[in-house]
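> coordinates only, no sequence provided:
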């Protein structure tokens, strides 16, 4: 069972999306309102949604025709870095100018007890499916980072999974690690969606396949896949460090790091279409657009 939001005119509508793509509009104003209602009724979110689906009729609207929007307005989007071996290799390549035999602080954080966590985005900087993501004007080496994203409640509980695109500037981060916020945060540098897969419906979050495809002029120029089974750390471990002596707002999203990095010679260009699939969640599609 997944939760989506789509636009009906200018108004967002929350809905349940079954695995056979039937759409059931929900009475709640947003995803966290649904979570609160379930809690007040003493039910799980899945129980609440399943009861609604069983007692109502599916929408006549074809899922493929809906104009989807961001599935929740996450007040904060955090991200974890260097949680996969592939990410470690890519960061080392950037930091050493391609000297892969050199040891760096990325090696240290990969093996350290404390993970790398950083603030990635806010609701105002985050876009949803089929929206534009921006290319930074002062970078010449930019890539999407496809990631499994956790949707959290205010106590750090994982209530859902979605897809995140952590747009990144490899040249800025590689020049100096203190430039990380500029390499990661700018207007429309983060995308999430297209749906939230309820955590109760995911048997094993470490067996999901992530695929990233990039198209230029209609031609596929990048396609890579990897598994969340390659994640170095446990999801609860990442959440525990984020929650440590911190305030977690309900609906906070935590990106869990990337296991896919396009080839080193590749950089995004204006007009590139980015598709990110994760098993059971869907496909997040965005177009890269140069800053004007």
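Perfect, I can see it now. Since this is a predicted model, take the numbers as computed values, not measurements. Residues are numbered from 1 along each chain as shown.
> quick check: beta-bridge partners of the residue positioned nearest the centre of the chain?
By Cα atoms, centre = their mean, the chain has its centre lying nearest to residue 164, at 1.3 Å. Counting by DSSP bridges, residue 164 is bridged to residue 147, residue 192.
> right, and it touches residue 190 too?
Yes. Using Cβ atoms under 8 Å, residue 164 is in contact with residue 190, at 7.0 Å. No exception for glycine: its C-beta is placed from N, CA and C like everyone else's.
> coming back round to it: quickly note the distance from the residue nearest to the centre of the chain to residue 204.
Between residue 164 and residue 204 the computed distance is 19 Å (Cβ to Cβ, to the nearest Å).
> anything in contact with each of residue 164 and residue 190?
By Cβ atoms under 8 Å, 6 or more residues apart in numbering, residue 164 and residue 190 have these common neighbours: residue 77.
> low-confidence regions, the stretch 51-200 of the chain specifically.
100-101 (pLDDT under 70).
> show me where it has its strands.
With strands called from DSSP state E, counting those that start in this stretch, the stretch 51-200 of the chain shows them at 68-69, 76-81, 116-122, 126-127, 132-135, 142-143, 146-152, 158-166, 168-169, 190-198.
> report pLDDT for residue 11.
For residue 11, the pLDDT comes out at 95.
> how about it, phi and psi?
Backbone geometry at residue 11, expressed as degrees, to the nearest 10, gives phi -90, psi 130.
> can you report how many residues lie near it?
7 (other Cβ atoms under 10 Å).
> tell me what it is bridged to.
Under DSSP bridges, the beta-bridge partners of residue 11 are residue 8.
> equivalent analysis for residue 273, please.
Under the criterion used here (DSSP bridges), residue 273 is bridged to residue 215, residue 287.
> what sits against it?
Contacts of residue 273 (Cβ under 8 Å, 6+ apart): 214-216, 285-288.
> mind giving me CSV with the strands of the stretch 51-200 of the chain and columns for distance to residue 220?
As requested, the strands of the stretch 51-200 of the chain are arranged in CSV below (distance: least, Cβ to Cβ, whole Å):
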stretch, distance to residue 220
strand 68-69, 23
strand 76-81, 27
strand 116-122, 27
strand 126-127, 23
strand 132-135, 18
strand 142-143, 16
strand 146-152, 15
strand 158-166, 17
strand 168-169, 21
strand 190-198, 19
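> out of those, nearest to residue 228?
strand 146-152 (5.5 Å; Cβ to Cβ).
> sorry, back to before: quick check on the contacts of residue 273: which are buried?
For the contacts of residue 273, a neighbour count by 16 or more other Cβ atoms under 10 Å gives the buried set as 214-215, 285-286, 288.
> any idea how far residue 175 is from residue 183?
9 Å.
> looking at these two, which is more packed in?
Comparing residue 175 with residue 183 by other Cβ under 10 Å, the one with more neighbours is residue 183, at 24 against 14.
> can you pull the contacts of the more buried one?
139, 168-170, 172-173.
> of the residues you listed, closest to residue 265?
residue 170 (11.1 Å).
> run a quick neighbour tally on the closest one.
If we define neighbours as other Cβ under 10 Å, then residue 170 has 24 of them.
> just checking, it touches residue 144?
No. If you go by Cβ under 8 Å, residue 170 and residue 144 don't touch, sitting 11.4 Å apart.
> what does residue 236 show for phi and psi?
phi -60, psi -30.
> which ones are touching the residue nearest to it when sequence neighbours are not counted?
Nearest-residue entry for residue 236: residue 158, 7.7 Å, with adjacent residues in sequence omitted and distances by Cβ to Cβ, 6 or more residues apart in numbering. With contact set as Cβ under 8 Å, 6+ apart, residue 158 has these partners: 150-152, 199, 235-236, 239.
> which pair of the residues you listed spans the longest distance?
In the contacts of residue 158, the most distant members under the criterion Cβ to Cβ are 151 and 236, with 14.3 Å between them.
> is the residue nearest to residue 236 bridged to anything, and to what?
According to DSSP bridges, beta-bridge pairing links residue 158 with residue 152.
> so which strand or helix has the nearest residue in space to residue 25 that is not next to it in sequence?
Computed as Cβ to Cβ, 6+ apart, the closest residue to residue 25 that is not its neighbour in sequence is residue 15, at 4.8 Å. Using DSSP states H and E, residue 15 falls within strand 11-17.
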